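*Asks:* Need coordinates for the following:
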Amino acid sequence: MNEEPSTSVGEFEREPVPDSELLGSGKFWGMYAGEHAAGTEFMIGPLFLAAGASLQDLLSGLLLGNLLAVLTWRFLVTPIAIAKRTTLYYQLERIAGGSLVKFYNVVNGLLFCFLAGAMVTVSASAVGVPFGIFYEVPESTFAFGAPSFTALVLIVGIMMAITAAAGYGMVAHVANIAAPWMISIFAACGIVSLVQLNATSVAALTDGKFWTDAIAFVQDKNGPQSFGFWQIVTFAWLCNGAMHFGMADLSIFRFARSNSSGWAPAVGMFLGHYMAWISAALLLAALIKVQPDLAVGADGKVSANPGLLAFQALGWTGIICVVIAGWTTANPTIYRAGLAFQGVIPKSSRTMMTLIAGAVATLAGAFPNLSAQLLGFVGTYGTVLGPMGAVIFVDYYFMKNFGMTDEYSYHSGIRIHVAVLIAWLLPVSVGLYLIFWQGLFAAYAVIPA
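*Replies:* Take a look at the predicted model:
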């Protein structure tokens, strides 16, 4: 039985995936390991330290939050994906109406492009280190970096877009090759950092002075921040909310042969969003202890330069890891964005739409300040996209049981399902209020205070 989606019949954007094109669990374990033990981890990990999270809260909060995320993927997303075997976008079109979904797809695709753009920035930051081209965060959110850094972003972005345009089979293939090596490098980063911090005994780890000293250094430069246990739990659970609560990964798991593939995100959550985040945070703590001047940018504030952090710990191996890590995160994200854009113009080529998504992601990557605000952004895009997952859940599990018509827009011919529009925008409004005005993800919010 074929293990790769057929390139001759496309990616089945508007029809169920046939049995002949289904994939075994291994494809999904490799993809989730590659995507979630990847470029974002080099950015997000240090931001926890910069936000003032205690080491105890980080260890326990990430454990609970990531467990909740895995359970959501397995029991919320996978059963519907296997039953329907269509993309998120086509399912929503049948439920919510073509016009509403086109608007949703534009929002969805752009948010995915901005996330992929942060990964382009991450990889470019590593490529630039050996050439003396450094990642500097300008004051303005939408300000370009140095011309040399922008050129690197363009080169890296083009390579990522071409890979994503080749289809899901290529995305999964790249991730399967890269994931085992990247995971071992993240572990090495953590171990080397602990040695540099002289935290090699149980007493040193329990005391945690190396961590509190690093927080004090950052907050002396950047100002006070706090990020408590429940904020960490919520962030770990919802940072990929667009993929699980928002059902974006229906587009991925529609290729799954069985429900067991739904456990695949566990490898990404516990090796990536647990071990790798903590290891990346330790990289910043070690740099502050060993070479504090390098941790401070031209503006006098501490910033997380992924390439520099990895280079100081592991040299060229660290550089290569950051480049590949950013690549394996951006590839599936650009792929998802391409599917979203194709939903706006159904007769368009998925390959062309993916290349357009790659171009938008590359442009976003040219603004370094966007990646510096990644902690707030990932919470925001999960909040914006998540409620549509509830619409799909209700349509699949409850509509027929209550004597109502499922996939209502498909059967009635309406273009905008007003009830779905309200069900999307109302929780989004509440969520954005909690983020920006109540400080749910207080550190590095997308909109400056």
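
*Asks:* Helices along the stretch 151-300 of the chain, start to end?
*Replies:* Here the stretch 151-300 of the chain has its helices, by DSSP state H, counting those that start in this stretch, at 168-196, 202-207, 209-222, 229-238, 250-253, 265-270, 277-290, 292-295.

*Asks:* which one of these lies closest to Pro387?
*Replies:* Counting by C-beta to C-beta, Pro387 lies closest to helix 229-238 out of the helices of the stretch 151-300 of the chain; the figure is 12.0 Å. (Each C-beta comes from the backbone N, C-alpha and C, glycine too.)

*Asks:* helices or strands up against that closest one?
*Replies:* Helices and strands touching helix 229-238, by 3 or more C-beta pairs under 8 Å, 6 or more residues apart in numbering; DSSP states H and E, are helix 55-72, helix 374-385.

*Asks:* For Tyr397, which of these is the nearest?
*Replies:* Short answer: helix 55-72, nearest of the helices and strands packed on helix 229-238 by C-beta to C-beta, at 14.8 Å.

*Asks:* buried sites along the closest one?
*Replies:* Buried residues in helix 55-72, counted by 16 or more other C-beta atoms under 10 Å: Leu55, Asp57, Leu58, Gly61, Leu62, Gly65, Asn66, Leu67, Ala69, Val70, Leu71, Thr72.

*Asks:* What of stretch 22-35?
*Replies:* Those buried within stretch 22-35 under the rule 16+ other C-beta under 10 Å are Leu22, Leu23, Ser25, Lys27, Phe28, Trp29, Gly30, Met31, Tyr32, Ala33, Gly34, Glu35.

*Asks:* do stretch 338-356 as well
*Replies:* Neighbour counts over stretch 338-356 (16+ other C-beta under 10 Å) mark 338-344, 350-351, 353-356 as buried.

*Asks:* Give me the pLDDT for Val267.
*Replies:* Looking at Val267, its pLDDT reads 91.

*Asks:* before we move on, the earlier item: list just the nearest of the buried residues of stretch 22-35 to Thr86.
*Replies:* For these, the nearest to Thr86 is Leu22 (13.7 Å; C-beta to C-beta).

*Asks:* What does that closest one show for phi and psi?
*Replies:* Here is the backbone geometry of Leu22 (degrees, to the nearest 10): phi -70, psi 150.

*Asks:* Next, the contact list for the closest residue to it other than its chain neighbours, please.
*Replies:* Counting by C-beta to C-beta, 6 or more residues apart in numbering, Leu22 lies nearest to Arg257, which is 4.3 Å off, once chain neighbours are set aside. With contact set as C-beta atoms under 8 Å, 6 or more residues apart in numbering, Arg257 has these partners: Leu22, Leu23, Gly24, Ser25.

*Asks:* roughly how far apart are the residue lying farthest from the centre of the chain and Ala126?
*Replies:* Centroid-distance maximum for the chain: Gly403 at 38.1 Å, with C-alpha atoms, centre = their mean. With distances taken as C-beta to C-beta, to the nearest Å, Gly403 is found 57 Å from Ala126.

*Asks:* Phe311 belongs to a strand, doesn't it?
*Replies:* No. Counting by DSSP: H, G, I helix; E, B strand; the rest coil, Phe311 falls outside a strand, being helix.

*Asks:* now stretch 315-334, how far from the chain's geometric center?
*Replies:* In terms of C-alpha atoms, centre = their mean, to the nearest Å, the centre of stretch 315-334 is set 13 Å apart from its chain centre.

*Asks:* Run through the residues that contact the nearest residue to Leu309 once chain neighbours are set aside.
*Replies:* Among residues not flanking Leu309 along the chain, Leu283 sits closest, at 4.1 Å (C-beta to C-beta, 6+ apart). Leu283 sits next to Phe42, Gly45, Pro46, Cys189, Ser193, Leu309, Ala310, Gln312, Ala313 when contact means C-beta under 8 Å, 6+ apart.

*Asks:* Of the residues you listed, which is the most crowded?
*Replies:* When neighbours are counted by other C-beta atoms under 10 Å, Phe42 leads the contacts of Leu283 with 34 neighbours.

*Asks:* any idea of the pLDDT on the spatially closest residue to that residue that is not a sequence neighbour?
*Replies:* Excluding its sequence neighbours, the residue lying closest to Phe42 (C-beta to C-beta, 6+ apart) is Pro306, at 3.6 Å. pLDDT, Pro306: 77.

*Asks:* Now tabulate the buried residues of helix 55-72 in JSON lines and tack on pLDDT and distance to Glu13.
*Replies:* Formatted as JSON lines, the buried residues of helix 55-72 follow (pLDDT from 0 to 100; distance: C-beta to C-beta, whole Å):
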{"residue": "Leu55", "pLDDT": "93", "distance to Glu13": "45"}
{"residue": "Asp57", "pLDDT": "95", "distance to Glu13": "43"}
{"residue": "Leu58", "pLDDT": "95", "distance to Glu13": "40"}
{"residue": "Gly61", "pLDDT": "96", "distance to Glu13": "38"}
{"residue": "Leu62", "pLDDT": "97", "distance to Glu13": "35"}
{"residue": "Gly65", "pLDDT": "96", "distance to Glu13": "33"}
{"residue": "Asn66", "pLDDT": "97", "distance to Glu13": "31"}
{"residue": "Leu67", "pLDDT": "97", "distance to Glu13": "33"}
{"residue": "Ala69", "pLDDT": "95", "distance to Glu13": "27"}
{"residue": "Val70", "pLDDT": "97", "distance to Glu13": "28"}
{"residue": "Leu71", "pLDDT": "97", "distance to Glu13": "29"}
{"residue": "Thr72", "pLDDT": "96", "distance to Glu13": "25"}
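
*Asks:* hang on, the earlier thing: how about the residue farthest from the centre of the chain, phi and psi?
*Replies:* According to degrees, to the nearest 10, Gly403 has phi 70, psi 20.

*Asks:* quick one, longest helix in this structure?
*Replies:* Scanning the chain for the helix with the most residues, using DSSP state H, yields helix 98-128.

*Asks:* Among the helices of the stretch 151-300 of the chain, which comes closest to Met119?
*Replies:* helix 168-196 (13.1 Å).

*Asks:* so where's the stretch 251-400 of the chain shaky on pLDDT?
*Replies:* Within the stretch 251-400 of the chain, the segments meeting pLDDT under 70 span 298, 372, 374-376, 379.
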